[in-house]
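Trainee: Got a predicted model here, sequence first, then my questions.
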Amino acid sequence: MNTHSSSQPEGLRGLAADWAGDRQTFHVPWGKAMMWIFLLSDTFIFGSFLTGYMTVRMSTTAAWPNPSEVFSLTINGTQLPLLLIAIMTFVLITSSGTMAMAVMYGYRRDRARCTALMIATAILGATFVSMQAFEWTKLIHEGVRPWANPMGAAQFGSCFFMITGFHGLHVSAGVIYLLTIASRVKRGVYEHVGNYDIVEIAGLYWHFVDLVWVFIFALFYLW
Amino acid sequence: METTATHQEHPVGLYLKIWLLLFVLSTFSYLVDVFHFEGYLRWTLILVLMALKAGFIVAIFMHLAWERLALICAILTPPLALMVLVWLMWIEADHTFFTRLLNFH
């Protein structure tokens, strides 16, 4: 016996229809809402990593290596603390600035400027990843491993490789993502579609990568 | 300046100002290390500068300041659960630390 009105679909179609309910909660393009929800889930991933890092750092009885010394660069005989990390921070912030302007020019239908700024963002992102690769190489040469290191607490290595590795992966994926969208902007795909929301959505991802770095910089490198 | 719920457009000057501000704040964070501030002063400065930078990125660059409250709440309230995790792990880490001191030293 079917007690529902005959207009209601059954099965999977019904499941989708019931959830859709003809009501919209978020008055933004669906892609933007979905990107925000994805970023929220990513917040939990990085939040859990950083909480894990806090837990092992607080609970170890061995001395934690001093990040200020571990990540210092020696130029012309002077030891400069955290120099590379500071430069990486400025590179990533600059890339966020160029991305924000790319979104603006996208909405102004200035395809040339939008494409150029997105490519600039991707180049800055690639620069960041290269500097990170340099940093990893330097630390690996100094004997830092995920299970041990010569400077102190063994947990330092696992936290470092896990957190910066996962972040670097996000930056690398972002570079590919931005270049893909930039080429579509250049080809005029969004001129056909009629809007440039996609550029703003890609921008959200990129700013998030910068946002995560703010937390890593403060909690891992400076603390 | 045109701002509707689905279309975010702001003058370039705003982005440049925030960009500059983030540069200045990052420089301050870096100086915390250069000047060797220690203890509570160091931790407070690190956290305040981190929160300011994160706030400007989310509010201006990610345009959350101009979104509707429904979206803002959906994005900003769930991460509070992480604070509970931090609190629990804080207790756990202290416990592990003292257990290690008692038994392995």
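Mentor: Noted; the coordinates are in hand. What you see is a predicted model; the values in this text were computed from it and never measured.
Trainee: Return the set of buried residues in the longest helix belonging to chain B.
Mentor: Taking DSSP state H as the criterion, chain B has its longest helix at helix B:80-104. For helix B:80-104, burial by neighbour count (16 or more other C-beta atoms under 10 Å in any protein chain shown) applies to B:82, B:85, B:89, B:93, B:96. Quick note: C-beta positions are derived from backbone N, CA and C, even for glycine.
Trainee: all helices for the chain, in order.
Mentor: No chain specified, so I'll use chain A. Under the criterion DSSP H, chain A contains helices at A:11-20, A:30-59, A:67-70, A:83-107, A:111-141, A:155-187, A:189-193, A:197-216.
Trainee: you looked at the wrong chain, it should be chain B
Mentor: B:12-34, B:39-56, B:69-76, B:80-104.
Trainee: Turn those helices into JSON lines, columns for distance to A:Met88 and mean pLDDT.
Mentor: Formatted as JSON lines, these follow (distance: least, C-beta to C-beta, whole Å; pLDDT from 0 to 100):
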{"stretch": "helix B:12-34", "distance to A:Met88": "10", "mean pLDDT": "91"}
{"stretch": "helix B:39-56", "distance to A:Met88": "14", "mean pLDDT": "94"}
{"stretch": "helix B:69-76", "distance to A:Met88": "26", "mean pLDDT": "90"}
{"stretch": "helix B:80-104", "distance to A:Met88": "25", "mean pLDDT": "94"}
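Trainee: Please convert these to TSV, extending it with distance to chain A.
Mentor: Compiled in TSV, the helices of chain B are given as follows (distance: least, C-beta to the nearest C-beta, whole Å):
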stretch	distance to chain A
helix B:12-34	4
helix B:39-56	4
helix B:69-76	5
helix B:80-104	4
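Trainee: quick one: which of those is nearest A:Gly194?
Mentor: Among these, helix B:69-76 comes nearest to A:Gly194, with 22.7 Å by C-beta to C-beta.
Trainee: The closest one to helix A:30-59, inter-axis angle?
Mentor: Counting by axes from the mean of the first three to the mean of the last three C-alpha atoms, to 10 degrees, helix B:69-76 lies at 30 degrees to helix A:30-59.
Trainee: list the helices and strands helix B:69-76 packs on?
Mentor: For helix B:69-76, the elements it packs on are helix A:30-59, judged by 3 or more C-beta pairs under 8 Å, 6 or more residues apart in numbering or on different chains; DSSP states H and E.
Trainee: circling back: check the helices of chain A for me: which has the lowest mean pLDDT.
Mentor: Out of the helices of chain A, helix A:11-20 stands lowest, with a mean of 81 (criterion: mean pLDDT).
Trainee: so how far is that one off the chain centroid?
Mentor: Averaging C-alpha positions (C-alpha atoms, centre = their mean, to the nearest Å) puts helix A:11-20 34 Å from its chain's average.
Trainee: For it, which outside residues touch it?
Mentor: Residues from elsewhere that reach helix A:11-20 (C-beta atoms under 8 Å, 6 or more residues apart in numbering or on different chains): A:8-9.
Trainee: Check stretch A:81-93 too.
Mentor: For stretch A:81-93, the surrounding residues in contact (C-beta under 8 Å, 6+ apart) are A:67-69, A:71-73, A:75, A:124-125, A:127-128, A:131-132, A:134-135, A:171, A:209-210, A:213, A:217, A:221-222, B:19, B:22-23, B:26, B:29-30, B:33-34.
Trainee: still on that earlier bit, can you put the helices of chain A in JSON lines and add mean neighbour count?
Mentor: Conversion of the helices of chain A to JSON lines gives the following (neighbours: other C-beta atoms under 10 Å in any protein chain shown):
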{"stretch": "helix A:11-20", "mean neighbour count": "10"}
{"stretch": "helix A:30-59", "mean neighbour count": "17"}
{"stretch": "helix A:67-70", "mean neighbour count": "17"}
{"stretch": "helix A:83-107", "mean neighbour count": "23"}
{"stretch": "helix A:111-141", "mean neighbour count": "18"}
{"stretch": "helix A:155-187", "mean neighbour count": "19"}
{"stretch": "helix A:189-193", "mean neighbour count": "12"}
{"stretch": "helix A:197-216", "mean neighbour count": "24"}
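Trainee: Touching, A:Val129 and A:Gly168? I think so.
Mentor: Yes - contact criterion C-beta atoms under 8 Å: A:Val129 and A:Gly168 qualify, at 5.7 Å.
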